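J.: sequence first, then the predicted structure, then my questions.
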Amino acid sequence: MSFAIREGRRVFDGRVAAQATAVCGCVLVVWAVFVRRVGPVDLFVFLRAGRAVAHGVSPYVDTSSASLWSGHAFVYPYLVAWFFIPFGALSMATAGLVYFLGSVAALVVTVWMICGPGVGPMPYILALTAEPVVRALQLGTLNVWLLFGLGIAWRYRDRAVLLVSALTAVVVAKLFLLPMLAWLLLTRRVRASAATALLCGAAVVLSCVLADQSLGSFARMLSVLSAHEGPQSSSVTALVRSLGASNALAVVVALVAAAAVVAAGWTRFHRTRNEAFLFSACVLASIAASPIVWSHYFTLLLLIPLILHWQPRSQLIALAVTWLVGAPAGVPALGVLHPFPGAGWVWGAVAVLLALVWRYGRRTHQRPHASMSRASFPTVSRLDLVARPGRDRKLAGHRRADARRAMHGESAAQRVDTVFEPDQP
């Protein structure tokens, strides 16, 4: 027993060392190459809003001001500015460094919370070096913290208080995540859905009251922002408009696409009873339906490979695909890949299509010929069917599983070595 404990500790310590090495290396590279020389524009907006709220001044600008759609105006509910009041005592440089380290910590905790302590270094590398994450760290956006909140909602989805609190926080911070309520409804968490909707509505109303602003004024501000920034963003609406469609048709196409994604996730959920498919579909649908999408919004899609437990090779491919979605500051060469708004969706769709073609083509190629006799499949002796203690029991289980797969025309390698598929139990 003592030998087994020592061996387990040795393996666990090795994994922790690999994780720590990967995290430290990725953080140093991202900071030195991408973040150090770029000012966190979004964070500066939050800091000014926090200082304005601390002095009793409204953080909002007039809807006719050009700063509203130039990226220098606070356009979030009033309560969001409260979280940045503690940064008011710090200088801009110090606040930027503290916010960067806090964002990195949130990413690491999210991976650890979803994947567990025994996972390898690849999920941490994906979470820290994906292009949307790098862009979010450069600008100091909320998307890393939204990923953290969604991770809490998924990890503690069976605890109503934590679930409702986390979803309320992320929806109030970014209203485009409102379709996440569909996940609660379709999984029959009706009370949690109603509580989240009521708390979100109450938070928005309270924000308008505290800011001495009407709901109509807040909605008009968001409408003006969407009208100016939407066509230049990476949203589905902008992509459809770039093809010559009207704005109304583009909005309808985006909503239909989002509904189709949710329907596909719901169908997959009913077939596999794996709730992760529906949760992932709702996250993707929230971004697809948003009128304004920037590349750092795709940070939220990192939840998909994490909660579906993609294999390291699949995560590495996903990491490469993220650098086709956008181009962070300091890498102008990647801008050639985005000649029109919404080009990131095209690259993502092409990558998914190629992965599906490769997967199903490989499955067809490896399927055994119908003329093969049963004698050609590996057999299992009666001794292997007897459960024995220790290593023999595990070996017998693997042999029985391999024999069952072979008799059904499916090899063991095909079952394990898949792309963009969760690990099978």
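T.: On my side now, so go ahead.
J.: surely L163 meets A153?
T.: Yes - between L163 and A153 there is a contact under CB atoms under 8 Å: 5.5 Å. The way it works is simple: take the backbone N, C-alpha and C, and place the C-beta from them, glycine included.
J.: between these two, who's got more neighbours?
T.: A153 (26 against 21; other CB atoms under 10 Å).
J.: do you know how far that one is from V170?
T.: 7 Å (CB to CB, to the nearest Å).
J.: name the residues contacting each of those two.
T.: By the contact definition CB atoms under 8 Å, 6 or more residues apart in numbering, A153 and V170 are jointly contacted by M180.
J.: host element of the closest residue to V144 other than its chain neighbours?
T.: Of all residues beyond its chain neighbours, the one nearest V144 is S103 (4.3 Å), with distances taken as CB to CB, 6 or more residues apart in numbering. Using DSSP states H and E, S103 maps to helix 92-115.
J.: neighbouring contacts of that helix?
T.: Here helix 92-115 makes contact (CB under 8 Å, 6+ apart) with 23, 27, 31, 35, 39-40, 43-44, 47, 87, 90, 119, 123-124, 127-128, 133, 136-137, 140, 144-145, 147-148, 151-152, 154-155, 303, 306-307, 309.
J.: narrow those to just the buried residues.
T.: Buried members of the contacts of helix 92-115, counted by 16 or more other CB atoms under 10 Å: 23, 27, 35, 40, 43-44, 47, 87, 119, 123-124, 127-128, 133, 136-137, 140, 144-145, 147-148, 151-152, 154-155, 303, 306-307, 309.
J.: what residues does stretch 213-231 touch?
T.: By CB under 8 Å, 6+ apart, the surrounding residues in contact with stretch 213-231 are 58, 60, 63, 68-69, 75, 77-78, 175, 204-205, 207-208, 237-238, 241, 291-292, 341.
J.: repeat that for 7 Å
T.: Y60, T63, L68, W69, V75, C208, T237, A238, R241, P291, I292, P341 (CB atoms under 7 Å, 6 or more residues apart in numbering).
J.: let me have those in CSV, extended by secondary structure and distance to L278.
T.: Listed next are the contacts of stretch 213-231 as CSV, based on DSSP: H, G, I helix; E, B strand; the rest coil; distance: CB to CB, whole Å:
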residue, secondary structure, distance to L278
Y60, coil, 36
T63, coil, 37
L68, helix, 36
W69, coil, 35
V75, coil, 30
C208, helix, 32
T237, helix, 24
A238, helix, 27
R241, helix, 30
P291, coil, 24
I292, coil, 25
P341, coil, 29
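J.: closest one of the residues you listed to A320?
T.: P341 (22.6 Å; CB to CB).
J.: what strand or helix carries S70?
T.: Using DSSP H and E, no helix or strand contains S70.
J.: phi, psi of it?
T.: phi -100, psi 0 (degrees, to the nearest 10).
J.: distance of it from V45?
T.: For S70 relative to V45 (CB to CB), the value is 11 Å.
J.: just L137 next, same as before
T.: 16 Å.
J.: give me the number of residues near S235?
T.: Counted with other CB under 10 Å, residues neighbouring S235 total 30.
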